[in-house]
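**Student:** Quick one, what's the 3D model for this:
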Amino acid sequence: MIYTVTLNPALDRTIWVERIKDDDPNRIKKEKKYAGGKGIDVSRVLYHLGIPNRALGFLGGYTGMEIEGILLQEGIYTDFTTIVNETRTNIVLDIESERRQVILSAKGPEIEPVELTNLFKKLENLNSAEYVVFSGSLPPGLSPTIYERAVEVANSKGATTILDTDGDNLKKGINGKPKIIKPNIHELSRLVGKKLSGANEIIESAEDIRRQGIEIVLVSMGAKGILLVSDNERLHGVPPEVDVKNTIGAGDSSVAGFVFGLKKNLPLKDCLKYAVAAGTATTLQPGTALANKDEINSIFEKVKVFPV
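**Tutor:** Model (predicted):
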């Protein structure tokens, strides 16, 4: 079984407007709500690819119930830990005339100690855990060491662990020895404490990270694709040129694509191609919608992979 863990999920309320006018009513053309959060995005794309999985994390209040209902409606299995405080709502403003998005991201609810304990009990009792994906920010007040401990627990269950987070959460989290991490180039720069540019610098930094016990480092670089650094391979997956509508969820989709390839026992080269294809396919979707299987498979054929 594949599990995703989202400790700070959100209800993403996406609003479309033609333009923003100061000191004047701005008419909403349409709006839609999505179950948001990086691990939840991974679950959704895996489901679109036909891979069963279960979404874990914290949910609370009416918003939490709404998120769970949306996921159930989509066909995604969940086993969230209930909290007393309300799950956050993010606002995604899609300004059509400017072809840009403005994201207002809430900080999230505080987590009570007993709620944290309940989540860890779930992790300690995971059944047949093949892959466990830990993604995203932490709710206010939780220590970054939570990711370190959570990864250690999942490793002890024999799972392949994937960590996709940023800042102190990533710095502490890698102490738990996740098998795979997927920073983007900016997150990797913050992790190593210097601005990175160019494949050689990225690969050198990725190798430094791998010496801390990480097996695979995936570094996403937007339209330039993804670099993969492992024991035996250094690969650069390059997407085809596309008309990008949205970048929200692209990195999470890449994680899902890579896990899909691993689950199918594909060579790392093809796992990387699926990662690039899934991330690229999501950029074609409006709002915070995510890639579907047909788009991913179509783009997969156009992804180029080069040794570096």
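
**Student:** Find the least confident helix or strand in this structure, judged by mean pLDDT.
**Tutor:** Taking mean pLDDT, DSSP states H and E as the measure, the helices and strands of the chain show their lowest mean at strand 100-104, namely a mean of 87.

**Student:** Okay, residue 210 and residue 204: tell me how far apart.
**Tutor:** 11 Å (C-beta to C-beta, to the nearest Å). Heads up, the C-betas are built off the backbone N, CA and C, glycines and all.

**Student:** With neighbour numbers in mind, choose between these two.
**Tutor:** The residue with the greater number of neighbours, taking residue 210 and residue 204 and applying other C-beta atoms under 10 Å, is residue 210; the counts read 16 against 13.

**Student:** show me what contacts that one?
**Tutor:** Each residue near residue 210 by C-beta atoms under 8 Å, 6 or more residues apart in numbering is listed here: 216-217, 229-231.

**Student:** From these, which land in strands?
**Tutor:** When DSSP state E defines the strands, the subset of the contacts of residue 210 inside them is 216-217, 229.

**Student:** Need those in a markdown table (columns: distance to residue 85 and neighbour count).
**Tutor:** As requested, the ones in strands among the contacts of residue 210 are arranged in a markdown table below (distance: C-beta to C-beta, whole Å; neighbours: other C-beta atoms under 10 Å):
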| residue | distance to residue 85 | neighbour count |
| --- | --- | --- |
| 216 | 36 | 23 |
| 217 | 35 | 23 |
| 229 | 39 | 22 |
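
**Student:** what's the burial count for residue 128?
**Tutor:** Should you count by other C-beta under 10 Å, residue 128 turns out to have 10 residues around it.

**Student:** Now do the buried residues in the least confident helix or strand of the chain.
**Tutor:** Residues of strand 100-104 classed as buried under the neighbour-count rule (16 or more other C-beta atoms under 10 Å) are residue 101.

**Student:** packing partners for that strand?
**Tutor:** The criterion is 3 or more C-beta pairs under 8 Å, 6 or more residues apart in numbering; DSSP states H and E, and the helices and strands that strand 100-104 contacts are strand 88-95.

**Student:** Report the strands that pair with the strand it packs on, each with its relative direction.
**Tutor:** With DSSP bridges as the criterion, the sheet partners recorded for strand 88-95 are strand 10-17 (parallel), strand 100-104 (antiparallel).

**Student:** Can you list the residue ranges for helices in the stretch 201-308 of the chain?
**Tutor:** Remark: helices of the stretch 201-308 of the chain, listed N- to C-terminal, are 250-263, 268-282, 293-300; assignment by DSSP state H, counting those that start in this stretch.

**Student:** now the least confident helix or strand of the chain, how far from the centre of its chain.
**Tutor:** Centroid displacement of strand 100-104 relative to its chain, using C-alpha atoms, centre = their mean, to the nearest Å, is 18 Å.

**Student:** what do you get for stretch 36-48?
**Tutor:** Using C-alpha atoms, centre = their mean, the distance between the centre of stretch 36-48 and that of its chain works out at 7 Å.

**Student:** And stretch 38-53, by the same measure?
**Tutor:** Counting by C-alpha atoms, centre = their mean, stretch 38-53 comes out at 10 Å from the chain centroid.
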